[in-house]
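Peer 1: starting from these lines, generate the structure:
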Amino acid sequence: MAVSPPTLSGIVEDNLATLASGASARVCRVGERFVVKIFHAAVSEEMIDREFAAATLAADCGIAVARPVESLRLRAGRAILYPEIEGPTMMRQLRVRPLRSGAMLRDMAAFHRRIHDCPAPGLRSLRDVLRTDIVYGPADAALQQAALRLLDRLPDGDRLLHGDFHVKNILMTDSGAVAIDWSKAAQGAVTPDIVRTEMLMRFGEGPQDWLTNRARDWAARCYADHYRRLAPGHFAQVAEWRAVVGLAWLRARASVRRKAFLAYLNRALAEVGLPLIAG
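Peer 2: Numbers count the residues shown, from 1 in each chain. Presented below is the predicted three-dimensional model:
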């Protein structure tokens, strides 16, 4: 029997127990089989609205997501009510079931490919996002201008891009993988979204001991190799996109594996003839 979502008046904020907390929000269980994602005060209205719209669009397209139920204004701040999705993250499953890592990364690539099949009318343009991040990033003016000229020559698109697709944003449920956290979604060409996932897997926040770093590099290659076999046409002008996406990522990235990331970025910049970043 279907369970009705709780009403706003039925959400007693004083009794909410936090299930998970991150940089932008905390998630609390409410009622039966529902959670409320309460965003921190610093998170913009535009970002919250984008998450609601993108997750709804993905659900309408048949993608396995938690379909947003309602946008709320609680005393604690803006929030979105979701059905509760039970299951560990893919990152946890990769750690506890390492012998299945290859199969999980293959499934991850296929999942990302299905997301990219969806059009994304109404979402912000990835080109605009990259342009803003480059302009407000730390690179010097000459490199910024050269990168923007390169960006202007790259193809546009209208595909659904998750923008933050990595193993911590995939929940492994009994019925399959579910993608969460659509706050960085956009529309555009597919290749840069694949490149960003590769970068997140290698250089995103998380453990960075030498053994884990080797595992992360392997996982990123495995994911990309599986995706390329599924859709080789989605790997267009990879070198150019890698340089642009990597440079844009400098604006807000955490200092995780900084030396390795700068080496990666400088190889990408050199490959397309752009000036290098000083260490």
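
Peer 1: nearest residue to D193 in space, please, no chain neighbours.
Peer 2: Distances taken as Cβ to Cβ, 6 or more residues apart in numbering put L161 closest to D193, at 4.1 Å, once the chain neighbours are dropped. C-betas here are computed from N, CA, C, even on glycine.

Peer 1: distance of the one you found relative to L269?
Peer 2: L161 sits at a distance of 23 Å from L269 (criterion: Cβ to Cβ, to the nearest Å).

Peer 1: the two: who's more crowded?
Peer 2: Neighbours around L161 and L269, counted as other Cβ atoms under 10 Å, are more numerous at L161. The numbers are 28 against 24.

Peer 1: who does the residue nearest to D193 bridge with?
Peer 2: Under DSSP bridges, the beta-bridge partners of L161 are A186.

Peer 1: where along this structure do the strands fall?
Peer 2: If DSSP state E is used as the criterion, the strands of the chain fall at 18-21, 25-30, 34-39, 70-74, 77-83, 159-161, 170-173, 176-179, 186-188.

Peer 1: please work out which of those is packed deepest.
Peer 2: strand 159-161 (a mean of 25; mean count of other Cβ atoms under 10 Å).

Peer 1: which elements pack onto it?
Peer 2: Helices and strands touching strand 159-161, by 3 or more Cβ pairs under 8 Å, 6 or more residues apart in numbering; DSSP states H and E, are helix 45-60, helix 101-116, strand 186-188, helix 191-203.

Peer 1: low-confidence regions, the stretch 1-150 of the chain specifically.
Peer 2: In the predicted model of the stretch 1-150 of the chain, residues 1-15 satisfy pLDDT under 70.

Peer 1: picking up where we left off before, of the helices and strands packed on strand 159-161, which is nearest S125?
Peer 2: Judged by Cβ to Cβ, the one of these that comes nearest to S125 is strand 186-188, at 6.1 Å.

Peer 1: from the chain's centroid, how far away is the closest one?
Peer 2: Taking Cα atoms, centre = their mean, to the nearest Å, one finds strand 186-188 lying 12 Å from the centre of the chain it belongs to.

Peer 1: before we move on, back to that, select, out of the helices and strands packed on strand 159-161, the one closest to A215.
Peer 2: Of all the helices and strands packed on strand 159-161, helix 101-116 sits nearest to A215, with 8.4 Å by Cβ to Cβ.

Peer 1: name the surrounding residues that touch the closest one.
Peer 2: For helix 101-116, the external contacting residues (Cβ atoms under 8 Å, 6 or more residues apart in numbering) are 58, 63-64, 90, 93-94, 97, 159-162, 165, 167, 170, 172, 177, 179, 190, 193-194, 197, 219, 222-224, 226-227, 230-231, 234.

Peer 1: now these: which count as buried?
Peer 2: Buried residues within those, counting neighbours by 16 or more other Cβ atoms under 10 Å: 58, 63-64, 90, 93-94, 159-162, 165, 167, 170, 172, 177, 179, 190, 193-194, 197, 219, 222-224, 226-227, 231, 234.

Peer 1: related to what we said a few turns ago, export the helices and strands packed on strand 159-161 as a markdown table, with columns for distance to I85.
Peer 2: Formatted as a markdown table, those follow (distance: least, Cβ to Cβ, whole Å):
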| stretch | distance to I85 |
| --- | --- |
| helix 45-60 | 12 |
| helix 101-116 | 14 |
| strand 186-188 | 23 |
| helix 191-203 | 20 |
